[in-house]
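Asks: Provided below for reference: sequence and predicted model.
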Amino acid sequence: MISPARRLAFEVLSRVEGGAWASEVLAGSSAGLDSRDAGLATEIVFGTLRHLPQLDFLIGHFGKRDPEKLDAAVRLALRAGIYQLRYMDRIPAHAAVSESVEWMRQAGQPRAAGLVNAVLRRVTREPVDWHHREIALSTPLWLLEGWDKQFGRETADRIAAAFLQRPDTFVRNPPAGHGLELEPTDVPGAWRVLSGDARGLRIQDAGSQSIVPLLGLEEGMTFLDVCAAPGNKTAQALEAGARAVAADLYVHRLRQFSGCPRVALDATVPLPFRGAFDRILVDAPCSGTGTLGRNPEIKWRLNPTDIRDLHGRQVRILRNSLELLAPGGRLVYSTCALEKRENEEVVARVLKPLETRFRTAGTFRRTPGIDAGDGFFAAVVEACVIP
């Protein structure tokens, strides 16, 4: 017998192996579970995904086997089982072991069930020597080395370590009577949830909430959100009384957002608006390396070629968006990425040939492990008023 929480966790991890995103699968599959089961499944899934190199090292350490030579379902069961045994408190060892074994039987691999049972029963919480930094921090070496150059090794290690922790939940301007225990952050309107159920409130990361204030929006200003989905930042703009347009290539992702016109838009080509906007937000598609705590699969799927390709796309989007900025207007270019190639280098490449028309009024960064919430970069660009 497998509990509903562990059954869901194993199923989600199996689908992630096939290319799915854990958050999307969990959102669509956990609706029928009570909050405790949903929370346990979520912890097993994301904890396992955050620590993959450590877990694979431990499979070799306790099982004396190369995890890469194991069947994918066996490797999955061992990873999830070891995560529960070593990283989670208040999990009965017999439950973690027996349900992992039963999962193998139900997966049609009764012989492998014996292997899973034997390995998991050897697992202890004794410290181990990880041997390599990329295992100790469960982060690809190429990412660590890039962060070393950009931030220094100490900060790079803090960033990677922060991504191994369960990310905080933040809400935007919660109403009275919400029943949550909250604490304020350094971002106005962003509150960290300490306890309670935040479902039904506007959940939005503190880093995400920090971007819109850089626009300096005032009531009545025209505002274009170029890459708006799922609409949280547009909703912030509406708080200031802006006359907003929410645009996105995947406009269906804005289906739950209302309050202003929604437009399907491919921002990599010239934009189809006739007038100019006082304020523009380009929250560009990016690698998401500032969100690895809540999207750990990115660590294992991203490669340097992806960063190069994203840079070209981001350049086109920013360049096209600037053409719609009114004289004296302000545009904020932002990403939830840490990589300089997606941030400073995009802004510099676009603005250098346009320096008579636009100027950078400042840059802004939030660093995981140092600042609350996800990692974000933003550059404030102003359009010159030409006499």
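Replies: Yep, that arrived. Numbers count the residues shown, from 1 in each chain.

Asks: For H94, which residues are in contact?
Replies: Counting by Cβ atoms under 8 Å, 6 or more residues apart in numbering, H94 touches no other residue. No exception for glycine: its C-beta is placed from N, CA and C like everyone else's.

Asks: mind checking which helix or strand it is in?
Replies: helix 93-106 (DSSP states H and E).

Asks: just the CA coordinates of that helix, formatted as CSV?
Replies: Extracted in CSV, the C-alpha atoms of helix 93-106 (Å, rounded to 0.1, in the frame of the first residue of the first chain):
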residue,chain,number,x,y,z
ALA,A,93,12.0,5.2,8.2
HIS,A,94,9.8,2.1,7.7
ALA,A,95,7.3,4.2,5.7
ALA,A,96,10.0,5.7,3.4
VAL,A,97,11.5,2.2,2.8
SER,A,98,8.4,0.1,2.5
GLU,A,99,6.5,2.5,0.2
SER,A,100,9.5,2.9,-2.1
VAL,A,101,9.7,-0.9,-2.3
GLU,A,102,6.0,-1.2,-3.0
TRP,A,103,6.3,1.4,-5.7
MET,A,104,8.8,-0.8,-7.5
ARG,A,105,6.4,-3.8,-7.3
GLN,A,106,3.6,-1.7,-8.7
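
Asks: now it, how far from the chain's geometric center?
Replies: Centroid displacement of helix 93-106 relative to its chain, using Cα atoms, centre = their mean, to the nearest Å, is 30 Å.

Asks: so for stretch 304-324, what's the average pLDDT?
Replies: For stretch 304-324, the mean pLDDT works out to 97.

Asks: next one: stretch 271-290
Replies: On average, the pLDDT along stretch 271-290 is 96.

Asks: thinking again about what came up before, flag every buried residue along the helix holding H94.
Replies: Residues 96-104 are the ones in helix 93-106 that count as buried (16 or more other Cβ atoms under 10 Å).

Asks: Assumed S14 was part of a helix.
Replies: Yes - under DSSP: H, G, I helix; E, B strand; the rest coil, S14 falls within a helix.

Asks: Pop the domain breakdown of this protein in here.
Replies: For the chain, automatic domain parsing gives the domain ranges 4-131, 206-383.

Asks: Could you look over the ones you listed and pick the most buried one?
Replies: Among the domains of the chain, the stretch with the highest mean neighbour count (mean count of other Cβ atoms under 10 Å) is domain 206-383, at a mean of 19.

Asks: Spatially nearest residue to E102, not counting backbone neighbours?
Replies: Excluding the flanking residues, the one nearest E102 by Cβ to Cβ, 6 or more residues apart in numbering is I2, at 5.3 Å.

Asks: Now for the one you found: which residues touch it?
Replies: 10, 99, 102-103, 106.

Asks: can I get those in TSV with distance to L322?
Replies: Converted to TSV, the contacts of I2 look like this (distance: Cβ to Cβ, whole Å):
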residue	distance to L322
F10	48
E99	55
E102	58
W103	53
Q106	56
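
Asks: and of those, the nearest to D225?
Replies: Taking Cβ to Cβ as the measure, D225 lies nearest F10 of the contacts of I2, at 38.7 Å.

Asks: The closest one touches L76, doesn't it?
Replies: Yes - between F10 and L76 there is a contact at 6.9 Å, judged by Cβ atoms under 8 Å.

Asks: Helices of the stretch 51-200 of the chain, residue ranges please.
Replies: For the stretch 51-200 of the chain, the helices defined by DSSP state H, counting those that start in this stretch occupy 52-63, 72-87, 93-106, 110-120, 133-136, 141-151, 153-162.

Asks: Including mean pLDDT and distance to R36, could those helices go into a markdown table?
Replies: Converted to a markdown table, these look like this (pLDDT from 0 to 100; distance: least, Cβ to Cβ, whole Å):
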| stretch | mean pLDDT | distance to R36 |
| --- | --- | --- |
| helix 52-63 | 98 | 24 |
| helix 72-87 | 96 | 15 |
| helix 93-106 | 94 | 14 |
| helix 110-120 | 94 | 23 |
| helix 133-136 | 98 | 32 |
| helix 141-151 | 97 | 34 |
| helix 153-162 | 98 | 26 |
